[in-house]
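Trainee: Build me a model from this:
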Amino acid sequence: MDQVSVIIPALNEYYYLPHLLESLAHQTYKGQLQVIVVDGKSEDNTAQKAAEFANRFDDLLVLTAERDVGHQRNVGANHAKYPYLIFFDADVVLPLNFLEALAAQVHGDKPFIGAVMHMGEKMSLIDYASLVAVYGLGFLAWLARMPFINGDCMVTTRANHQRVGGFVEGAILGEDTDYGFRSIRAGAKYRFFMRPHVIASDRRITELGVNRWTLLWTWSRAFLKVKRHGPTFEGVEYPFGRYGKPKTRKP
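Mentor: Numbering: from 1, shown residues only. Reported below is the predicted structural model:
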């Protein structure tokens, strides 16, 4: 995997996005890297902040698109020029060897869809217990031929993305899980990468005002709903893009 296009949909991510871009700029990866930020007409300076990294990458593209995560990912993929695609949420941070370690595990050009383990910023015993529960359920889902894809980091090929027609647009929740299911039905191989991992923020718990177990229950129900009926388009309040300033953290 020596040519990668990274696609980051962003909406009001002025505080989070620079941490991700900084960690991408410090990668030990030696291959060709294209970074595409697709801003959903943010109400803050997200696009301008992304543009400030122009001198940190050989190939950085900052685009503006309609506010919709599926649509923004599709716009980014349409501008991708490399055969491997990685979709990141804007609130993750990468270990310095993330791309190098991932590239060492990906060979050939056959379509695949991959998920990557994510860890929290600061892990307590409860955090580790909930993480074990999450991936325990994920293993059971895999045994039931329902492998899950977590939207904070999805790895695939441009060929697979084109084959499935990209992400469903207009969905509030479940567009990432649906993308995974459709990829597998189209013949893509499922892969789960235990290492490397991404470091995800805990803002969903904070913003939704729930504990980890409630969030796990909510996600499990949503996963099964997507399997049966597809992504959710209405009737759900989800505060995407309306998050507050995070705690200071280092890539």
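Trainee: Just give the number of residues close to residue 169.
Mentor: 17 (other Cβ atoms under 10 Å). Where you see a C-beta, it was placed from the backbone N, CA and C, and this is true even at glycine.
Trainee: could you list every residue that touches it?
Mentor: By Cβ atoms under 8 Å, 6 or more residues apart in numbering, the contact set of residue 169 is 68, 70-71, 74, 175.
Trainee: Pull out the buried residues from the residues you listed.
Mentor: 68, 70-71, 74, 175 (16 or more other Cβ atoms under 10 Å).
Trainee: Roughly how far does residue 187 sit from residue 160?
Mentor: 9 Å (Cβ to Cβ, to the nearest Å).
Trainee: so what's in contact with those two at the same time?
Mentor: What both residue 187 and residue 160 touch, as defined by Cβ under 8 Å, 6+ apart, is the set residue 111.
Trainee: now for the helix or strand hosting residue 63, which elements pack on it?
Mentor: Assigned by DSSP states H and E, residue 63 falls within strand 60-64. With contacts taken as 3 or more Cβ pairs under 8 Å, 6 or more residues apart in numbering; DSSP states H and E, strand 60-64 sits against strand 32-39, helix 46-51.
Trainee: Minimum distance to residue 8: which of the ones you listed has it?
Mentor: For residue 8, the closest of those is strand 32-39, at 5.0 Å, according to Cβ to Cβ.
Trainee: What strands flank that closest one, and is each parallel or antiparallel?
Mentor: strand 3-10 (parallel), strand 60-64 (parallel) (DSSP bridges).
Trainee: Need the contact partners of that strand.
Mentor: Contacts of strand 32-39 (Cβ under 8 Å, 6+ apart): 2-11, 17, 21, 24, 27, 46-47, 50, 53, 57-65, 72-73, 75-76, 79-82, 99.
Trainee: which SS state does the residue nearest to residue 29 when sequence neighbours are not counted fall under?
Mentor: Excluding its sequence neighbours, the residue lying closest to residue 29 (Cβ to Cβ, 6 or more residues apart in numbering) is residue 99, at 3.5 Å. Taken by DSSP: H, G, I helix; E, B strand; the rest coil, the conformation at residue 99 corresponds to helix.
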